[in-house]
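Peer 1: after the sequence you'll find the predicted model.
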Amino acid sequence: MKNIADHLFDILENSVKAKATEIKILIKFKQGKFHCRITDNGTGIKIVDKEVEATDPFVTSRKERRVGLGLPLLKSSAESTKGFFKIYNLKKGGCYLEFTIDLLHIDAKPFGDLAQAILDALVCWPEIDLSLWIEKSNQQKEEIFNSKKLKKVLEIEDLKEKKIRDFLYQLFWENFNQIGINKQFGYFQKI
Amino acid sequence: MKNLEELKKIRERVKRDLELRTGKHRIKIVVCLGTCGIAAGARESMNTLIDLIAKSGRSDIIVTTSGCAGFCEQEPMIQVYVEEQEPVVYGKVDTKAAEEIFEKHILNHQIVEKYLFTKGK
């Protein structure tokens, strides 16, 4: 993966493959650390023995080939910056995934275009209800986007229109800027 | 701060354009977006294609996505389905290649040999 936004998109694709219909993303940015939590209501990960296995590249439920690299790649990206990575199934069904990446660490990947990644997810999987939350520095959580609400305002077909995509793109960035995620570097807060 | 109400207004403005464009899809482009595709930069190629379609004003072209097809070394990969023609698979489609394929294959129905991976079913 070239950047962290790619990782996020890849994780969303996992949820879609697991037949999720609702995905919730929470992002937080504090002291140079990017924190992300994703919950979905899909089938969850298949646990054969213990939790470690999902991040083993040679454990996969797919049939096209015998390796699965999405989760192991994210794990190594997070852990190489002394961040952490966790994934487990929720009791009520679905999957919970959490990771942090220290953007100030020398091994951290470039941040990438997070808004574009989320917009791409919307365009690729319009049937999925995506909600996006940010956590501010005072630990208040705020929902900045919900595709259920979006669908009330417009038809999914409308996303083909560039003006509409540009609007959403800017809406995402305005909100990310609020919590200190900058387009170029991933941060601009004083640390 | 932007909100969805504003979006509604923009939508009203572009609605007329949109109405003109709803029709049957004759050409389908499938972009493989598995882990391998994403890592190889398939999202950029996909966005290039979406923009090119919007620019050309064609309503009969649609872009969809699929998972990994099992040829990860060829990523980013796209499949082009033109109505009443054999499907064509292109490999290593970066943004430049996407532009070329769109120009030659999608608009003028000429297969671009340079990026061709397989033809037929």
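Peer 2: Yep, that arrived.
Peer 1: how confident was the prediction at residue 48?
Peer 2: I went with chain A, as the question did not name one. Each residue has a pLDDT score; the one for residue A:48 is 57.
Peer 1: could you do chain B instead?
Peer 2: Note for residue B:48: predicted pLDDT of 90.
Peer 1: mind listing what it touches?
Peer 2: Contact partners of residue B:48, counting by Cβ atoms under 8 Å, 6 or more residues apart in numbering or on different chains, are B:95, B:98-99, B:102. Every residue, glycine included, has its C-beta placed from N, CA and C.
Peer 1: near chain A, which residues of chain B show up?
Peer 2: Contact residues, chain B versus chain A (Cβ under 8 Å from any Cβ of the partner chain): B:1-4, B:6-8, B:10-11, B:13-14, B:17-18, B:21-22, B:33-36, B:38-39, B:41, B:43, B:46-47, B:50-51, B:53-54, B:65, B:67-70, B:72.
Peer 1: let's see which of those residues end up in strands.
Peer 2: Under the assignment DSSP state E, these contribute residue B:65 to strands.
Peer 1: please identify, among the contacts of residue B:48, the one with the most neighbours.
Peer 2: Counting neighbours by other Cβ atoms under 10 Å in any protein chain shown, residue B:98 comes out on top of the contacts of residue B:48 with 26 neighbours.
Peer 1: could you say which helix or strand holds it?
Peer 2: Using DSSP states H and E, the element containing residue B:98 is helix B:95-101.
Peer 1: can you check residue A:8 too?
Peer 2: helix A:4-17.
Peer 1: show me what that helix is packed against.
Peer 2: Identification of packing neighbours for helix A:4-17 by 3 or more Cβ pairs under 8 Å, 6 or more residues apart in numbering or on different chains; DSSP states H and E yields strand A:22-30, strand A:33-40, helix A:70-79, strand A:95-102, helix A:114-124, helix B:35-40.
Peer 1: which residues touch the second one?
Peer 2: Put plainly, it is strand A:33-40. For strand A:33-40, the external contacting residues (Cβ under 8 Å, 6+ apart) are A:4, A:8, A:11-12, A:15, A:18, A:20, A:22-29, A:83, A:90, A:94-103, A:111, A:135, A:181, A:186.
Peer 1: buried among the residues you listed? Need that as a selection in PyMOL.
Peer 2: Command for PyMOL that selects the buried part of these, burial taken from 16 or more other Cβ atoms under 10 Å in any protein chain shown:
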select buried, chain A and resi 4+8+11+12+15+18+20+22+23+24+25+26+27+28+29+83+94+95+96+97+98+99+100+101+102+103+111+135+181+186
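Peer 1: shaky segments in chain A?
Peer 2: A:47-55, A:57-68, A:183-191 (pLDDT under 70).
Peer 1: what residues are up against the closest residue to residue A:74 other than its chain neighbours?
Peer 2: Spatial nearest neighbour of residue A:74, excluding adjacent residues (Cβ to Cβ, 6 or more residues apart in numbering or on different chains): residue A:7 at 5.0 Å. Counting by Cβ under 8 Å, 6+ apart, residue A:7 touches A:1, A:73-74, A:77, A:109.
Peer 1: show me which residues of chain A are close to chain B?
Peer 2: With Cβ under 8 Å from any Cβ as the criterion, chain A meets chain B at residues A:1-2, A:6, A:9-10, A:13, A:17, A:62, A:64-65, A:68-70, A:73, A:116-117, A:120, A:123-125, A:149-150, A:153-154, A:157-158, A:160-164, A:167-168, A:170-171, A:174.
Peer 1: in chain B, where is pLDDT below threshold?
Peer 2: For chain B, applying pLDDT under 70 flags the ranges B:1-2, B:15-24, B:121.
Peer 1: residue A:8 contacts residue A:115, doesn't it?
Peer 2: No. Look at residue A:8 against residue A:115 with Cβ atoms under 8 Å: they stay out of range, at 11.0 Å.
Peer 1: tell me which element residue A:87 is part of?
Peer 2: Secondary structure assigned from DSSP H and E places residue A:87 in strand A:85-89.
Peer 1: can you give me the angle that strand makes with strand A:33-40?
Peer 2: Here the directions of strand A:85-89 and strand A:33-40 differ by 10 degrees (axes from the mean of the first three to the mean of the last three Cα atoms, to 10 degrees).
Peer 1: fine by me, we can end here.
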